[in-house]
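Peer 1: need coordinates for the below:
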Amino acid sequence: MTSTPAPKTILLVSGLSGAGKTTALKTLEDMGWEVVDNLPLVLLDRLLDTPLPAGHSDADERPLAIGIDARTRGFDANAIVRRIKALREKHGHDVETLFLDCSGSELERRFAETRRRHPLALDRPAADGISRERELTEPLRRWASQVIDTTAFSSNALQQEIRNRYTRERLSDPVLTILSFGFSRGMPRNADLMFDMRYLRNPHWDDALRPKTGLDPDVAAYIAQDPAYEDTVSRIEALLTTLLPRYAEGGKTYITVAFGCTGGRHRSVHVAERVARYLQDAGFSPTVSHRNMESAPQDALEKRRPGGPKAQS
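Peer 2: Residues are numbered from 1 along each chain as shown. Next up is the predicted model:
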């Protein structure tokens, strides 16, 4: 009599060619996951039924990440979705799906930069292959537990995002990231909640504070002198302590709360740090990330000096 395999933790990693699947899988492997790439769907049952090596128990079972995309033999997105449902419902496996997306223009740039041909358009422009692959993988994108848009991600940023989302510990609370950024440098694509701090007085126009950041006490003191500061930030903190437990109850696993100002160096950094400390004191475990804090200050990005003419671009 054949014994039923123990339920496994499985992450299916898919997405568009050039969007970062290889980077994601390598990062998961570095984190201790067992990784298999481009596995034909017909071999999935055989892989899951393969017993652990002699001397290993179920406690030694590593979570499994399986890479699959439109290049995989026998690729059929709808069949994969049905297979995922069966793994969950019939076999009790803990299955999640991650889809790596990216804008078409950025994918074209990446293929041109690396001088690679798109796998679905070997004799045509990369744009043709990108369009075809987007069509083929759309059912997987709709079904995915998590979607990461890597358009604005460097390789290092994607690695950090994977580490934040897929640590081996299975926590009941959502993984919470507090992010600061500059609107003039582009809005973050993965933010669940976004707050605009541009209403606060801007330290950029103080010559002594311009080269500093929101981590400096004198910059924090300058921002806190704004008459609207304490009331509005306190309201944001109260809102988050109400919303975050609701997200957890709804099964949301990852939450990114973003605070933006013009350049991403002063107001957003300070408020993100303050809110993160508040949430930590309230029993949450936030990770803080400052996307644009190290960017050089530029008058042209700040648009208008208080009491003065509009900055020249």
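
Peer 1: for the chain, give me the ranges with low pLDDT.
Peer 2: By pLDDT under 70, the low-scoring segments of the chain are 1-7, 49, 51-61, 73-74, 90-92, 168-173, 250-251, 299-313.

Peer 1: ok, L28 to A127 distance?
Peer 2: 30 Å (C-beta to C-beta, to the nearest Å). C-beta: built from backbone N, CA, C; applies to glycine.

Peer 1: if you tally nearby residues, what's the number for Y222?
Peer 2: A count of nearby residues for Y222, using other C-beta atoms under 10 Å, gives 22.

Peer 1: contacts only, for it.
Peer 2: Applying C-beta atoms under 8 Å, 6 or more residues apart in numbering, we find Y222 in contact with 201, 203, 206, 209.

Peer 1: residues touching D196, list them.
Peer 2: Neighbour list for D196: 183, 260-261 [criterion: C-beta under 8 Å, 6+ apart].

Peer 1: again, but for L98
Peer 2: Here L98 is in contact with 11-15, 24, 144-148 (C-beta under 8 Å, 6+ apart).

Peer 1: go with 6 Å
Peer 2: Applying C-beta atoms under 6 Å, 6 or more residues apart in numbering, we find L98 in contact with 13, 146.

Peer 1: so what strands line up beside whichever strand or helix holds it?
Peer 2: Assigned by DSSP states H and E, L98 belongs to strand 94-101. Paired with strand 94-101 in the same sheet, following DSSP bridges, are strand 9-15 (parallel), strand 146-149 (parallel).

Peer 1: now the element after it, going C-ward?
Peer 2: That would be, after strand 94-101 and using DSSP H and E, helix 104-114.

Peer 1: give me the buried positions along that following helix.
Peer 2: 106-108, 110-111 (16 or more other C-beta atoms under 10 Å).

Peer 1: can you give me the helices for the stretch 201-313 of the chain?
Peer 2: All helices of the stretch 201-313 of the chain, identified by DSSP state H, counting those that start in this stretch, fall at 217-224, 229-249, 267-281, 299-302.

Peer 1: relative to S289, how far out is G263?
Peer 2: The gap separating G263 from S289 is 16 Å, by C-beta to C-beta.

Peer 1: the more surrounded of those two?
Peer 2: G263 (26 against 20).

Peer 1: was I right about that one contacting F183?
Peer 2: No - using C-beta atoms under 6 Å, G263 is not in contact with F183; the gap is 8.5 Å.

Peer 1: for L28 and A127, indicate the residue with more neighbours.
Peer 2: L28 (24 against 15).

Peer 1: and that one, helix, strand or coil?
Peer 2: Three-state call for L28 (DSSP: H, G, I helix; E, B strand; the rest coil): helix.

Peer 1: list the contacts of it.
Peer 2: 35, 65 are the contacts of L28 under C-beta under 6 Å, 6+ apart.

Peer 1: what about 10 Å?
Peer 2: Applying C-beta atoms under 10 Å, 6 or more residues apart in numbering to L28 gives the contacts 11, 13, 34-35, 63-65, 67, 98, 159, 162-163, 166, 168.

Peer 1: by neighbour count, which of those wins?
Peer 2: Taking other C-beta under 10 Å as the neighbour criterion, V13 ranks highest of the contacts of L28 with 27 neighbours.

Peer 1: gap between that residue and I84?
Peer 2: 13 Å.
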